[in-house]
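>>> here is the input, now give the coordinates:
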Amino acid sequence: MALWQSAADTQPDSFWVSLRFFNIYRLLLAAVFLAAVTIFGDSLNFGSHNLAQFKYVSAAYLLLAVAFQVLLERIRRNFNFQLSMHVIADIVATVLLMNASDGFRSGLGVMLLISLAAAALVSRGALMLFYAALASIAILLEQTYWILSYDHSEANYVQPGLLSIGYFATALITNQLAQRVIRQERVMRQRSVDLGNQLRISQLVIQDMQDAVLVVDGNGLVRQHNPQVSQLLGWQAPELDQIENYSPEIARALAHWRDAGGGASETLLLPGSGKLVRARFVEAGAGGGSISLVFLEDLSRLQEQAQQLKLAALGRLTANMAHEIRNPLSAISHASELLLEEHRNPSQDRLLNIIQDNSKRLDRMVRDVLELTRRDRVRPETIGLAGFLPSFIDEFAQNERVPRSSFVLQVNEDSEIVFDRVHLQQVLWNLLRNAWRHSRQGEASVRLIVGRRANRVELNVIDDGEGVPTHLRQQLFEPFFTTYSSGTGLGLYIAREMCAANSAILEYVVSPSDEGGADFRVVCGTKPA
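Got it, this is the predicted structure:
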C-alpha cells in the first residue's frame with residue numbers, strides 16, 4: 001500500500017492535469033461504446049458474444065469514469081493510488097468487453113496500449129511494470145477462458161502473448177521518454193529561474209551604476225536605460241524611444257562606431273545639460289542580434305574628484321593661512337576706523353572707506369574658508385521642515401531686509417529630514433540669498449517647495465529670474481567662481497560640501513524646456529546614515 005500512497009506536493013501539477021485528460025478520454029470511450037451498442041446493437045461486432053454484458057459493462061465503465069472525474073476535481077492526494085485504480089478499471093472493463101465481443105478477435109485488447117502508455121507517462125518506479133503485468137495476465141486469462149470453455153486451440157495464445165510483450169515494451173519506452181521529458185522540463189524550469197534572476201541582477205547593476213547606460217538595438221531603439229541618463233541629458237529621458245530623440249550627438253557617435261566596426265571611446269558635449277561625457281560602446285548582441293551598450297561617463301565628475309584631491313591637499317595650508325591673515329586683517333580694519341574718526345579730509349575718507357570695504361570682503365572670505373574646514377563636524381538631528389522653514393524664512397527676511405511676501409513655501413506637515421541644524425541654516429541662507437539676488441525681487445519671486453521621492457526628501461529653491469546660462473552651469477559649484485562683484489565665490493561650494501557631509505546632495509536642476517529661473521535642489525535622507 002505504501003507504493004500507492006503519495007503526498008500531493010510530491011507530484012507535479014502537470015501529472016494531475018494529465019490524469020484528468022486521461023480520464024476524459026475514458027469518459028468519451030465508454031460513452032462511444034454505450035452509444036454504439038444502444039443504437040446499432042451487435043451489428044458493429046460489439047457484444048457479438050453477449051450483447052447485454054457489453055451494454056452493462058459499458059454503462060458501468062461510464063459511471064466509474066464520471067466518479068473518477070469528480071474525485072480528481074475534489075481530492076488531490078494519493079496520486080499513485082488513484083492512478084492504479086484508473087488503470088485497473090481500464091484492464092477489467094476492457095477484458096470484460098473483449099469477452100462479450102468474441103474474445104481476442106474483437107481487437108479491443110489493443111485499447112489497453114493507450115491506457116498503459118498514458119499511465120507510464122506519469123508513473124514512476126515499478127508501477128509501470130505492475131500495470132503491464134496486470135494487463136498481460138488479464139489478456140492471457142481471458143484467452144484461457146475461451147480455450148477451456150469452447151475448446152479453442154492452444155495456438156491462439158500466440159497473439160495474446162505478442163500483445164503482452166507489446167504492453168511491456170509500450171510501458172518501458174513511454175516511461176523512459178516521459179522521464180527524459182520530465183528531466184528536460186526541470187532543467188528548463190531551473191534555467192528559466194536562473195535567467196530571471198540574472199536579468200534582475202543585471203537590471204539592478206545597471207540601475208546602480210555611476211555611469212549612464214543605454215541598451216540600443218540594431219534599429220536605434222533604446223530598450224533600457226538607467227536614471228543616470230536623465231541626469232546627464234539634463235531632462236527626463238523617454239521610455240522605448242529612438243536614440244536620436246535622446247541625443248543626436250550620441251546617435252551620431254553610435255552610428256560612426258558601428259560603421260567603423262568598433263573603435264576607441266569618443267568625447268561628447270551634451271547641449272541639454274552642458275556636460276562633457278566620454279561615450280564608450282560595446283557590442284552585446286548574440287545569435288545574429290545587434291544590441292549595443294552605450295556607457296556615458298561624466299567627465300565633470302572626474303574633474304570634481306581631481307579638484308577634491310587638490311583642495312584636500314591645500315585645505316590644511318589654507319586654514320593655517322586664514323588664521324594668520326585674520327589677525328593682521330583685524331588690525332588693519334581697526335586702524336582704518338580710527339583714522340576715519342581723526343581725519344575729515346574727503347579724499348582721505350574715500351581711501352579709508354576702500355580699505356574698510358576690502359577688509360570686510362577679505363574677512364568674509366577668511367570666515368568662509370574656516371567654515372569649510374569645519375564642515376566635517378556634523379551633529380545630525382531629525383528636523384521637521386514644516387516647523388523649521390517658516391521661522392527660518394522670517395529670520396532671513398528680517399536680517400536681509402527682504403519683504404516676507406517675496407517668499408512662497410510649499411511643505412507637508414510630515415516632512416522630516418536628518419541634518420545638522422547649523423549646516424542646514426547656512427545652506428538655505430546661501431541659496432535664498434542667491435535666489436533673491438537673481439530674481440525679479442517682486443511678490444512670490446522665490447519659491448521653496450518640499451516634496452518626497454521614495455525614501456528621500458527634496459527641497460527646491462526656485463526663483464523667477466533668468467536662470468543660469470548654459471555655459472556657466474559647469475562652474476556653479478567651483479570654489480572662488482562668482483559673477484557677483486563683491487562675492488567670494490565660496491557660497492555654493494561650501495553649501496554643497498555641507499550637504500555632502502550630511503549625506504545629502506545639492507544640485508542644479510535643468511528643466512526640459514529650460515524656461516524660468518534657477519532651480520537648486522537639496523536631496524536629503526529621512527533616516528540617519
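
>>> and the longest helix seen in the chain, average pLDDT?
Looking across the chain with DSSP state H, the single longest helix is helix 158-208. Taken as a whole, helix 158-208 has a mean pLDDT of 82.

>>> for the helix or strand following that helix, C-alpha coordinates in CSV please.
Following helix 158-208 in sequence order, the next helix or strand is strand 212-216 (DSSP states H and E). Extracted C-alpha coordinates of strand 212-216, given in CSV (Å, rounded to 0.1, in the frame of the first residue of the first chain):
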residue,chain,number,x,y,z
ALA,A,212,24.8,56.3,-17.6
VAL,A,213,23.9,53.2,-19.6
LEU,A,214,21.7,52.8,-22.7
VAL,A,215,20.8,49.5,-24.3
VAL,A,216,20.2,50.1,-28.1
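
>>> before we move on, back to that, which secondary structure elements does the longest helix of the chain sit against?
Counting contacts by 3 or more CB pairs under 8 Å, 6 or more residues apart in numbering; DSSP states H and E, helix 158-208 is packed against helix 111-122, helix 127-150. To be clear about C-beta, it is placed using only N, CA and C from the backbone, and glycine gets the same treatment.

>>> turn those helices into a markdown table, columns for distance to residue 227 and mean pLDDT.
Formatted as a markdown table, the helices and strands packed on helix 158-208 follow (distance: least, CB to CB, whole Å; pLDDT from 0 to 100):
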| stretch | distance to residue 227 | mean pLDDT |
| --- | --- | --- |
| helix 111-122 | 50 | 84 |
| helix 127-150 | 57 | 85 |
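
>>> to residue 190, which of those helices lies closest?
Checking these against residue 190 by CB to CB gives helix 111-122 as the closest, at 20.9 Å.

>>> please tell me how far residue 281 sits from residue 259.
12 Å (CB to CB, to the nearest Å).

>>> err, residue 402, not the other one
In terms of CB to CB, residue 402 sits 58 Å off from residue 259.

>>> who's more crowded, the two?
Ranked by neighbour count (other CB atoms under 10 Å), residue 402 and residue 259 place residue 402 first, with 18 against 8.

>>> okay, and residue 499 sits in which element?
Using DSSP H and E, residue 499 falls in helix 491-501.

>>> who touches the following helix or strand past that helix?
Later in the chain than helix 491-501, the nearest helix or strand by DSSP H and E is strand 505-508. Applying CB atoms under 8 Å, 6 or more residues apart in numbering, the external contacts of strand 505-508 come out as 427, 468, 473, 476-477, 492, 495-496, 499-500, 518-523.

>>> by neighbour count, which of those residues wins?
Of the contacts of strand 505-508, with other CB under 10 Å as the count, residue 427 tops at 27 neighbours.

>>> residues touching the closest residue in space to that residue that isn't next to it in sequence, list them.
Computed as CB to CB, 6 or more residues apart in numbering, the closest residue to residue 427 that is not its neighbour in sequence is residue 495, at 4.5 Å. By CB under 8 Å, 6+ apart, the contact set of residue 495 is 426-427, 430-431, 506.

>>> for residue 189, see how far away residue 183 is.
In terms of CB to CB, residue 183 sits 11 Å off from residue 189.

>>> swap that for residue 353, sorry
Relative to residue 189, and taking CB to CB, residue 353 is found at 85 Å.

>>> distance of residue 413 relative to residue 386?
5 Å.

>>> now residue 278
43 Å.

>>> how about residue 431: what's its closest non-neighbour residue?
Of all residues beyond its chain neighbours, the one nearest residue 431 is residue 461 (4.4 Å), with distances taken as CB to CB, 6+ apart.

>>> if we go by neighbour counts, what in stretch 111-125 is buried?
By 16 or more other CB atoms under 10 Å, the buried positions in stretch 111-125 come out as 111-113, 115-124.

>>> which other residues reach it?
Applying CB under 8 Å, 6+ apart, the contact partners of stretch 111-125 are 3, 15, 18-19, 22, 25, 29, 79-80, 83, 86-87, 90-91, 94, 127-128, 131-132, 135, 139, 166-167, 170-172, 174-175, 178.

>>> for PyMOL, write the selection for the buried entries among those residues.
To isolate the buried subset of those in PyMOL, counting by 16+ other CB under 10 Å, use the following:
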select buried, resi 15+18+19+22+29+79+80+83+86+87+90+91+94+127+128+131+132+135+139+166+167+170+171+174+175+178
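
>>> any idea which residue of the chain is furthest from its center?
residue 151 (77.8 Å; CA atoms, centre = their mean).

>>> how about the helices of the protein, start to end?
Using DSSP H, helices in the chain cover 13-40, 51-74, 79-100, 111-122, 127-150, 158-208, 228-233, 243-246, 248-259, 299-342, 346-373, 385-400, 421-438, 491-501.

>>> the ones you listed: which one's closest to residue 219?
helix 243-246 (9.5 Å).

>>> what's the average pLDDT for that closest one?
88.

>>> in it, what's buried?
For helix 243-246, by 16+ other CB under 10 Å, it's 243, 246.

>>> ok, residues contacting that helix?
214, 216, 220-222, 225, 229, 233, 237-238, 250-251, 254, 294.

>>> repeat that for stretch 34-48.
Contacts of stretch 34-48 (CB under 8 Å, 6+ apart): 33, 51, 53-55, 58-59, 62, 97, 100-102, 106.

>>> shaky segments in the stretch 1-150 of the chain?
1-10, 124-125 (pLDDT under 70).

>>> same question for the stretch 351-500 of the chain.
In the predicted model, the stretch 351-500 of the chain carries pLDDT under 70 at residues 351-352, 356-358, 360-362, 364-377, 483-489.

>>> go again using 90 as the cut-off
By pLDDT under 90, the low-scoring segments of the stretch 351-500 of the chain are 351-380, 399-400, 412-415, 420-423, 425-426, 430, 434, 437-438, 452-456, 465-500.

>>> burial count for residue 398?
Neighbours around residue 398, by other CB under 10 Å: 10.

>>> what's the answer for residue 207, then?
Counted with other CB under 10 Å, the neighbours of residue 207 add up to 13.

>>> report the contact partners of it.
Contact analysis of residue 207 by CB under 8 Å, 6+ apart lists 226-227.

>>> one more time with 10 Å
Contact analysis of residue 207 by CB atoms under 10 Å, 6 or more residues apart in numbering lists 213, 224-228.

>>> ok, which pair from the residues you listed is furthest apart?
Pairwise distances across the contacts of residue 207 (CB to CB) peak at 12.5 Å, for the pair 224 and 228.

>>> who has more neighbours, those two?
Remark: of residue 224 and residue 228, residue 228 carries more neighbours, 19 against 16, as counted by other CB under 10 Å.

>>> surely residue 229 is in contact with residue 294?
Yes. Residue 229 lies in contact with residue 294 (CB atoms under 10 Å); the separation is 9.1 Å.

>>> ok, those two, which is more surrounded?
Neighbour tally, residue 229 and residue 294, criterion other CB under 10 Å: the higher count belongs to residue 294, 25 against 21.

>>> which residue is the nearest non-sequential neighbour of that one?
Using CB to CB, 6+ apart, the closest residue to residue 294 is residue 214 (4.2 Å).

>>> the one you found contacts residue 295, correct?
Yes. Contact between residue 214 and residue 295 holds when scored by CB under 10 Å: they sit 8.4 Å apart.

>>> can you list residues touching both of the two?
Between them, residue 214 and residue 295 share the contacting residues 279, 281, judged by CB under 10 Å, 6+ apart.

>>> can you pull the residues that touch both of residue 229 and residue 294?
Contacts common to residue 229 and residue 294, judged by CB under 10 Å, 6+ apart, are 211-214, 222, 246-247, 250.

>>> alright, I will stop here.
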